[in-house]
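with the sequence up front, the predicted model follows.
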Amino acid sequence: MGDTTITIIAIFLAAVLMFVFPLMAISDRTDDISQVSIQTATNEFVDNIRLTGKLTEENYETFVQTLSSTGNAYDVEMEIQVLDENPGKKATVAESTKIGENVYYSKYTTQIWDELEKNDGIMNLKEGDRVVVSVKNTSSTISQQLKNFFYKVAGSDTYQVSASSTGIVAVNGV
């Protein structure tokens, strides 16, 4: 009887070592590849906005398609910090004769979408505005599911794959 239980335990451990741990390692590498992919896509999206001074629905849709090509669902949050053009304040870095601090007010994702709808899918920005984009996955990856099953490490509200990028607009959008 003792040999049978030891054999069953050995078979179970061998199965775990031969199949589960390699699967976990491969799924972790898949998450790493997704991480690099969405970080690159997020940086390119923000750089495009920064260098053109425009946020367009077309560019956003291309960005979302690139994100979805990883096989995960993502929550994209955008913030545009608009430089306040108060004449008593320093408006841009080039105009150093004005006194005071730069003052920004923020527009968030829903406000940005409202403005895009009003302006035929184009939001023009000006030099000195800041763009902040953060992305995190909302779907559970295979790696997360395996970790939940074996380790109880990742909860249901945590995310494994995320990216963020920030930039200051370099040109006035026309």
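Looks like it arrived, so ask away.

tell me where the longest helix sits in this structure.
helix 21-52 (DSSP state H).

skip the chain neighbours and tell me the closest residue to residue 69.
residue 37 (7.7 Å; Cβ to Cβ, 6 or more residues apart in numbering). Glycine gets a C-beta too; all of them are placed from N, C-alpha and C.

might one say that the one you found is in contact with residue 68?
No - under the criterion of Cβ atoms under 8 Å, residue 37 makes no contact with residue 68, lying 11.0 Å away.

can you list the helices and strands that whichever strand or helix holds residue 112 packs against?
Residue 112 belongs to helix 109-118 when assigned by DSSP states H and E. The contact analysis (3 or more Cβ pairs under 8 Å, 6 or more residues apart in numbering; DSSP states H and E) places helix 109-118 against strand 54-56, strand 74-83, strand 122-124.

pretty sure residue 144 is touching residue 160, no?
Yes - Residue 144 is within contact range of residue 160, at 5.1 Å (criterion: Cβ under 8 Å).

where does the protein have its least confident helix or strand?
Every helix and strand of the chain was ranked by mean pLDDT, DSSP states H and E. The lowest is helix 142-150, at a mean of 79.

and whichever helix or strand comes after it, C-alpha only, in CSV?
Using DSSP H and E, the next helix or strand after helix 142-150 towards the C-terminus is strand 162-168. Output of strand 162-168 as CSV, limited to C-alpha atoms (Å, rounded to 0.1, in the frame of the first residue of the first chain):
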residue,chain,number,x,y,z
SER,A,162,0.4,47.9,-18.1
ALA,A,163,2.1,50.8,-19.7
SER,A,164,2.1,54.6,-19.4
SER,A,165,3.7,57.4,-21.3
THR,A,166,3.9,61.2,-20.8
GLY,A,167,5.0,63.9,-23.1
ILE,A,168,5.0,67.7,-23.7
